[in-house]
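**Q** Sequence and computational prediction follow.
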Amino acid sequence: MTLGELAEQLGLTLSGDPQRPVSGLGTLANAGPEEVTFLANPKFLSQLEKTRAAAVILRADMVEACPVGSLAAEDPYLSYARATALFDGAPAVPEGVHPSATVAAEANIGEGASIGPNAVVETGADIGAGVSIGANVVVGQNCRIGAGSALMPGVVLYHDVHLGERCLIHSQTVIGSDGFGFAPCKAGWQKIHQLGGVRIGNDVEIGAGVTIDRGALEHTVLEDGVIIDNQVHIAHNCRIGKNTAIAGCTGMAGSSIIGANCTLAGMVGVAGHLEICDNVHVTGMSMVSKSITEPGSYSSGTPMMPSRDWRRSAVRFSQLERIYQRLASLEDK
Amino acid sequence: MTLGELAEQLGLTLSGDPQRPVSGLGTLANAGPEEVTFLANPKFLSQLEKTRAAAVILRADMVEACPVGSLAAEDPYLSYARATALFDGAPAVPEGVHPSATVAAEANIGEGASIGPNAVVETGADIGAGVSIGANVVVGQNCRIGAGSALMPGVVLYHDVHLGERCLIHSQTVIGSDGFGFAPCKAGWQKIHQLGGVRIGNDVEIGAGVTIDRGALEHTVLEDGVIIDNQVHIAHNCRIGKNTAIAGCTGMAGSSIIGANCTLAGMVGVAGHLEICDNVHVTGMSMVSKSITEPGSYSSGTPMMPSRDWRRSAVRFSQLERIYQRLASLEDK
Amino acid sequence: MTLGELAEQLGLTLSGDPQRPVSGLGTLANAGPEEVTFLANPKFLSQLEKTRAAAVILRADMVEACPVGSLAAEDPYLSYARATALFDGAPAVPEGVHPSATVAAEANIGEGASIGPNAVVETGADIGAGVSIGANVVVGQNCRIGAGSALMPGVVLYHDVHLGERCLIHSQTVIGSDGFGFAPCKAGWQKIHQLGGVRIGNDVEIGAGVTIDRGALEHTVLEDGVIIDNQVHIAHNCRIGKNTAIAGCTGMAGSSIIGANCTLAGMVGVAGHLEICDNVHVTGMSMVSKSITEPGSYSSGTPMMPSRDWRRSAVRFSQLERIYQRLASLEDK
C-alpha cells in the first residue's frame, strides 16, 4: 500500500509523497520509515519531532509541526483504529466445514461460513452467512449466530444462545452455562434448573475466558454494541445496555441491570438485583453495592500505601466509630 | 402436563382446575396463562394480584389472596426449585461413545454413560454409570467419576482427580492443574512438582471457568454438597466443608480450610494457611486475611461513593494515623 | 529408590540406612515409613519428634534433633522442591502425532515432540524438540514453541505467539487474544485491531485459565523465569520482568510494566500505563493505581471485621473529610 492509497481509504488529507510505500503501523516512538503512526494524546507531542514514520495521523492544526508526512484527521485516534483493520494479518478459518468437525444434520450452515477442526455444531443450530467457527468450538442446540460473527477456538455456547451479527467472541469464553441458583433444603442445596437463555445483540465483542450464564426463567441480555474484556463474569438475568464497556476481571451478580454507554473499569464487583443508569463510570476495583441513579463517576476502595503505613491506617479504620465518638465528645466539651 | 399432575409431582395442595395445561414456568410479573410461577419473597406481593399465571406456588396462608390457581407449599422457593427440574429442556449427550472420541482401552466406561464428540478419556480412568462427558472434555489418567455426574463441554480433569456421584461441572473448568508451588533459588524459581490429587464428594456443582489445583503432597478436597459459581479459583491443598457455597470470582490461596455451611459472596479473597469455621458468611469483595473462629458475617472494603467525594475520603484514609494522633493530643489538652 | 540413591541425586548428606526404600514424599505430620519429608519452617519443629518418615530433609544443625533418618541440606525447601521432580507420576503425552490431531503441512514439528488427540497446529508454526502439546490444544499460525515446553489440554495460542524453552502452560489458558482496544465513535465503538504478538521467555510457567492479550502495535512481553498462577489476566502491551511471580486472580490493565523479581499476591489489580520497579511486593487484593518507584511492600484495602462493626466504619469512611474538618476546627479553638 502507498500513503496515497491509505489516505484515500481512510478519507484523510495527505501532506507528503502519495507514492511512498506503507507496510504497517507503529507507535510514534518506534515506527520505522515504512510505517504510519498517529498522535492523539498531546502528552506525546514531544515524540512527534523525533518520529521516523512515513506519516503521522494527526489533527489538522498539528500538520505544521509534523516533520514527516501527515494525514490530517478530525479524530486521529478513530482514524488510527480504522487503519488497523487494513493491516491486520490475523488468519481466517478456511471456508467450509473441516472434515474433523461434527455438524448435526439438522443444523443450518449459512453461505460462506467456516467451521474449524473438531468444532461441534448441534441440532437446530443456525449459523449465519460468513460466520467463522474456530477449532474446538461447541455450538449447542438451537443456538443462532448472526451473519459475519466469529467464535475463536474453544468457545462454548450452551443450548438456546442467540448471538447477533458481526459479533466477535474470544477463546474459552462460555455463554449459557447455568446461573448459580439453588434453594436451601434440609439436605443442603436443591438445584434450580436454569430455563432461560442468553440473547446478545449485534456488534458485540467479548474477550477471552468470559462466562455469561443463562437466565433462570427469562433471558440474560447484552444489547447491541456492548464490549467486554477478558475474564468478566456475568450472572443470570443481568441486562447490559447498548454500547456499555466492561473491563477485565469485573463480575456481576445476578439480575443486575446496567444502562447504556456505561464504562466499568477492571475488577469491579456489581452486587445482585440492582440498577445502574445510563452514562455511569465506575473506577477500577470498586464495589457497586447499591443502585446508581445519577450519571457520573463512582469509586470505592483505599489508595495504595507502603505496607507499614497501610497497616496503621487499616487499624484506625477498624476503630473509626470509636474515633468519631471521641471527636464528638470532645466537641461537646 | 396439567396443574393436577404438577401438584402431584411436587406434593403440593392445588386450588384450581387440575385439568388446566401447564407448558412451563415464569416470573410472577411475566408468566403467561399456561405457566406456573411462585411467590416466596413478600416484597413481590403487589405483583400477585396482577399475575396472569395458571397457578402460583405460595404459602398456604397466601392462597386466599391469590387471584388465580394456587399450589400451597411449606417452602415455595424450594418447591419452585423442584419444579424447574420438570421443565428443563437442556439436551442430553446421546448414550454411548461418539466415534470421534478417544477412549483408552484401559479406561472403564460405566453402563449408560455418554462420551461426546472429541472427548478424551485416558488410561485407568473409571467413568461411572450414566455419567455424561460433553464434547472436547479431557479426563486424565486414573480419574474416577461417580455415577450420574456430568461434565459439560471443554472441562479438563488432570490425572488422579476423583469426583463423586451426581456432580455437575460446567464448561472450561480445570480440576487438578498444578498448585502454584516454587522454591526460590539462585536462578529464580525451582518448581515444586505437585504430587497430590483432588478429591471431590457427591452432589457437588462447579461453575464455568473454575480452576481447582491439585495438592502439593496431599489432596485438595471438596466435601459433599459444595456449590461453586463461575470463575472461582481454589489453590492447592484447600479443604471446603460440606454444603458450603462460594459465589463467582472468589479466590482461595493455598492450604486454607473452610468449614461446613459457609457462604462466601462474590469476589472474596481468602489468604493462605488459614481456617474459617462452620456457618460463616463473608460479604462480597471482602479480604479474609486471618482465620475466622466464630460463626457470623464478616466484611471488609469501603462503600461506593461519587469519585470526587471518594478521593477526599481516600486521602484522609492514608492520613488516619496522623489524624488519630492529633485527636489524642487534643484530648490530652 | 533407596535413601542412599535419593541422597546422591539431591547431593545431600545422609544420616541413616542407605538401603531403606523410599516410595514417595509426604508432609512432616503424615509421611509414612516409606516416605521422605522436609522441615524448612521452624514453626513445624514440634512435628519433627513425632514424624514416622523414613527421613527428613533439614538443615545440618537440626540433624541431632531428628528422630529418624536425615538428609542435611543447605536449603531444605529447595532440596524438597528438587525431590518432587523425582516422584512426579504425571503422565506424558506419547511421542508423535496423534491420528486425530490436525497438523498443517507447513508446520515444523521438532524431534521427539508429542501432539495429543484433537490438537490443532496451524501453518507456519514451529514446535521445538521434545515439546508436549496436550489434547485439544490449538497452536495458531506462525507460533514458535521452544524445546522442552509443554502445553496442557485446552490451551489456545492465537497466531504469532512465541514461547521460549522449558515453559509450562496449564489448561484453558489463552495467549494472544485481542487486547481490549476500541476508539469511541458516533455509532459506539470502533475496534482497534491488535497487530502485535506475544513474546514469552524461557522457563516461564503459566497457570490454568490465564489470559494474555496480544499487543496493539508492539508485543506483550514476559521475560525469562516469570511464574504466573491461575486466572490471571494480562492486558495488551504489558511487560513483566525476569523472575517476577504473580499469584492467582490478579489483573493487569494495558501497557503496564513490572520489573524483575517482583511478587504480586492474589487478586491484585494493576491499573494501566504505569511502572513498577524491581523488587516490589504487593499484598493481596491491593489496587496499584500509580507507579511504584521504590522497592518494598505495598498494600491497600481495609481489614476484615464482623459485618456489623464494619458497616459503622464504612459509614465513617464516607464522612472522613467532614470528620477531618471538624477535628481541624476543634484544633483551631
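**A** On my side now, so go ahead. Residues are numbered from 1 along each chain as shown, chains lettered A, B, ... in the order given.
**Q** residue nearest the centroid of chain A?
**A** By CA atoms, centre = their mean, chain A has its centre lying nearest to residue A:228, at 2.5 Å.
**Q** isn't that one right up against residue A:246?
**A** Yes - contact criterion CB atoms under 8 Å: residue A:228 and residue A:246 qualify, at 4.8 Å. Glycine gets a C-beta too; all of them are placed from N, C-alpha and C.
**Q** For residue A:25, which residues count as its bridge partners?
**A** residue A:36 (DSSP bridges).
**Q** which residues touch it?
**A** Residues near residue A:25 by CB atoms under 8 Å, 6 or more residues apart in numbering or on different chains: A:31, A:35, A:36, A:37, A:80, A:83, A:84, A:87, C:195, C:217.
**Q** and what of residue A:114?
**A** Counting by CB under 8 Å, 6+ apart, residue A:114 has contacts A:92, A:93, A:94, A:95, A:96, A:131, A:132, A:133.
**Q** Now it. Its backbone dihedrals?
**A** Main-chain torsions, residue A:114, degrees, to the nearest 10: phi -120, psi 130.
**Q** What of the one 3 residues further on?
**A** The phi/psi pair for residue A:117 (degrees, to the nearest 10) reads phi -60, psi 140.
**Q** Now do the same for residue A:316: helix, strand or coil?
**A** helix (DSSP: H, G, I helix; E, B strand; the rest coil).
**Q** tally of neighbours for residue A:43?
**A** 7 (other CB atoms under 10 Å in any protein chain shown).
**Q** how far away is it from residue B:230?
**A** Counting by CB to CB, to the nearest Å, the gap between residue A:43 and residue B:230 amounts to 39 Å.
**Q** thinking again about what came up before, for the residue nearest to the centre of chain A, which residues count as its bridge partners?
**A** residue A:206, residue A:246.
**Q** residues touching it, list them.
**A** A:204, A:205, A:206, A:207, A:210, A:222, A:234, A:245, A:246.
**Q** okay, now the first one: neighbour count?
**A** When neighbours are defined as other CB under 10 Å, residue A:204 has 24 of them.
**Q** right, and it touches residue A:164 too?
**A** Yes - contact criterion CB under 8 Å: residue A:204 and residue A:164 qualify, at 6.5 Å.
**Q** Now the common contact residues for the two.
**A** With CB under 8 Å, 6+ apart, residue A:204 and residue A:164 have common neighbours residue A:224.
**Q** May I have the beta-bridge partners of residue A:280?
**A** If you apply DSSP bridges, the partners that residue A:280 bridges to are residue A:296.
**Q** That one is in contact with residue A:288, isn't it?
**A** No - contact criterion CB under 8 Å: residue A:280 and residue A:288 do not qualify, at 9.0 Å.
**Q** Could you list the buried residues of stretch A:44-59?
**A** A:48, A:51, A:52, A:53, A:54, A:55, A:56, A:57, A:58 (16 or more other CB atoms under 10 Å in any protein chain shown).
**Q** any residues touching that stretch, and which ones?
**A** A:3, A:6, A:10, A:12, A:14, A:16, A:20-22, A:26, A:28-29, A:31-40, A:62, A:65-74, A:76, A:79-80, A:83.
**Q** Mind giving me the PyMOL command for buried ones among these?
**A** Per 16+ other CB under 10 Å, the buried members of the contacts of stretch A:44-59 correspond to this PyMOL selection:
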select buried, chain A and resi 3+6+10+12+14+16+20+22+26+28+31+35+36+37+38+39+40+62+66+68+69+70+71+72+73+76+79+80+83
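**Q** Out of the contacts of stretch A:44-59, name the ones that lie in strands.
**A** Mapping the contacts of stretch A:44-59 onto strands (DSSP state E) picks out A:14, A:35, A:36, A:37, A:38, A:69, A:70, A:71, A:72.
**Q** Report the two of those residues separated the most.
**A** Greatest spatial distance among the ones in strands among the contacts of stretch A:44-59 (CB to CB): A:35 and A:72, at 18.2 Å.
**Q** Just name the closest of the ones in strands among the contacts of stretch A:44-59 to residue A:158, please.
**A** Once CB to CB is applied, the member of the ones in strands among the contacts of stretch A:44-59 that ends up nearest residue A:158 is residue A:38, at 41.0 Å.
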